[in-house]
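>>> Requesting a structural model of the entry that follows:
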Amino acid sequence: MNPSSGLPPRSRTVNVLIASRLEPQFQQQIAAVNPDLKLTEVCDLVSAELRLAPSGGLPPEKRQALDECLSSAEVVLAQMPPRDLVRRAPSLRWLHLVSAGADRLAGTGILESGVIVTNSSGIHRDTISEFVLTMMLMLAKGASACFQRQQNRQWKRFVPGELKGKTLGIVGLGRIGQGVARLGITLGMRVVATRRSAVRRESDVTGVDALYPPAQTARDAQRERLRGVAGAAYARDDPAYWRSGVEGHEAHRLPHKRLPGPGGGRTSADPGA
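Got it, this is the predicted structure:
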């Protein structure tokens, strides 16, 4: 209590840095949580710094402006965190990633710094799953060629492909992967997936036809010569592409760090979202 007024002491301002593109209505929702939150948008500065890094970084005046914002930041919301964040933001207590994955933090020192790190696991499931399906259908149906012919006022018959009966490969059966699997099964596709926690091939897994540990997937993909495999937002017939995707996933493993989330949280090493 304030002895002179009898009122509770006013809470101090908490500086929140918005380092990722965020629509005004969402910024307003954050600000409405507590009047003591002070939001500062630095998305353009952070994006420019990352883009210009190979050529020397930001001009001195813009670098100074970003450093001043970071020096007092306690909370940072970002897609790609600013460079050297731990040193430049000594007051940082919480980093929230607008993405599901946290692999971009590897080698930054953030995971070892004691800063609370949270991600946006789950909220992108339906949007990205639908986008993956869109890309798969566009490739199978030759949509880009249709659009091009429409622009050129050309009428040319062709036989479109089908997704039904093709194999859908998902690297990382997290929430997004599960959403993609559900759509694939609805279309009559055979769905195989990897999960880092899998220790052997499993055939009776809810939501997929087969689940593999990442290291086994490359061998089986070659042996079975999977056709029409879709990884991320691409549908490919080349088993080498499937293999490279798995090996790339293995190469970017993260050390375990518990991230807050539903059901007791996820680790930053989880491949799925």
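
>>> how close does Val98 get to Leu133?
With distances taken as C-beta to C-beta, to the nearest Å, Val98 is found 22 Å from Leu133. No exception for glycine: its C-beta is placed from N, CA and C like everyone else's.

>>> okay, these two: which has more neighbours?
Higher neighbour count among Val98 and Leu133: Leu133, with 21 against 18, using other C-beta atoms under 10 Å.

>>> My guess is Pro160 contacts Ala140. True?
Yes. With contact defined as C-beta atoms under 8 Å, Pro160 counts as touching Ala140 (6.8 Å).

>>> where do the strands sit along the stretch 1-150 of the chain?
Assigned by DSSP state E, counting those that start in this stretch, the stretch 1-150 of the chain shows strands spanning 14-18, 37-41, 75-78, 94-97, 116-118.

>>> Turn those strands into JSON lines, including mean pLDDT and mean neighbour count.
Converted to JSON lines, the strands of the stretch 1-150 of the chain look like this (pLDDT from 0 to 100; neighbours: other C-beta atoms under 10 Å):
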{"stretch": "strand 14-18", "mean pLDDT": "95", "mean neighbour count": "21"}
{"stretch": "strand 37-41", "mean pLDDT": "95", "mean neighbour count": "16"}
{"stretch": "strand 75-78", "mean pLDDT": "96", "mean neighbour count": "23"}
{"stretch": "strand 94-97", "mean pLDDT": "95", "mean neighbour count": "20"}
{"stretch": "strand 116-118", "mean pLDDT": "95", "mean neighbour count": "16"}
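
>>> could these go into JSON lines alongside distance to Gln154?
What follows is the strands of the stretch 1-150 of the chain, written out as JSON lines (distance: least, C-beta to C-beta, whole Å):
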{"stretch": "strand 14-18", "distance to Gln154": "46"}
{"stretch": "strand 37-41", "distance to Gln154": "46"}
{"stretch": "strand 75-78", "distance to Gln154": "45"}
{"stretch": "strand 94-97", "distance to Gln154": "45"}
{"stretch": "strand 116-118", "distance to Gln154": "51"}
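
>>> out of those strands, which comes closest to Gly179?
Closest approach to Gly179 among the strands of the stretch 1-150 of the chain is made by strand 94-97 (19.1 Å; C-beta to C-beta).

>>> hmm, who's touching that closest one?
The contact list for strand 94-97, computed with C-beta atoms under 8 Å, 6 or more residues apart in numbering, reads 74-79, 81, 85, 105, 110, 115-120.

>>> List the neighbouring strands of that strand plus their orientation.
Applying DSSP bridges, strand 94-97 is found paired with strand 75-78 (parallel), strand 116-118 (parallel).

>>> still on that earlier bit, for Pro160 and Ala140, indicate the residue with more neighbours.
Neighbours per residue, other C-beta under 10 Å: of Pro160 and Ala140, the larger number sits with Ala140, 18 against 11.

>>> my guess is that one contacts Glu162, does it?
Yes. Judged on C-beta under 8 Å, Ala140 makes contact with Glu162 at a distance of 6.4 Å.

>>> distance between the longest helix seen in the chain and the chain's centre?
The single longest helix within the chain, with elements called by DSSP state H, is helix 125-141. For helix 125-141, the distance from its own C-alpha centre to the chain's C-alpha centre is 16 Å (C-alpha atoms, centre = their mean, to the nearest Å).

>>> give me the number of residues near Cys43?
For Cys43, the number of neighbouring residues by other C-beta under 10 Å comes to 16.

>>> How much space separates the closest residue to it other than its chain neighbours from Leu173?
Spatial nearest neighbour of Cys43, chain neighbours left out: Arg21 (5.3 Å); criterion: C-beta to C-beta, 6 or more residues apart in numbering. The spacing between Arg21 and Leu173, counted by C-beta to C-beta, is 29 Å.
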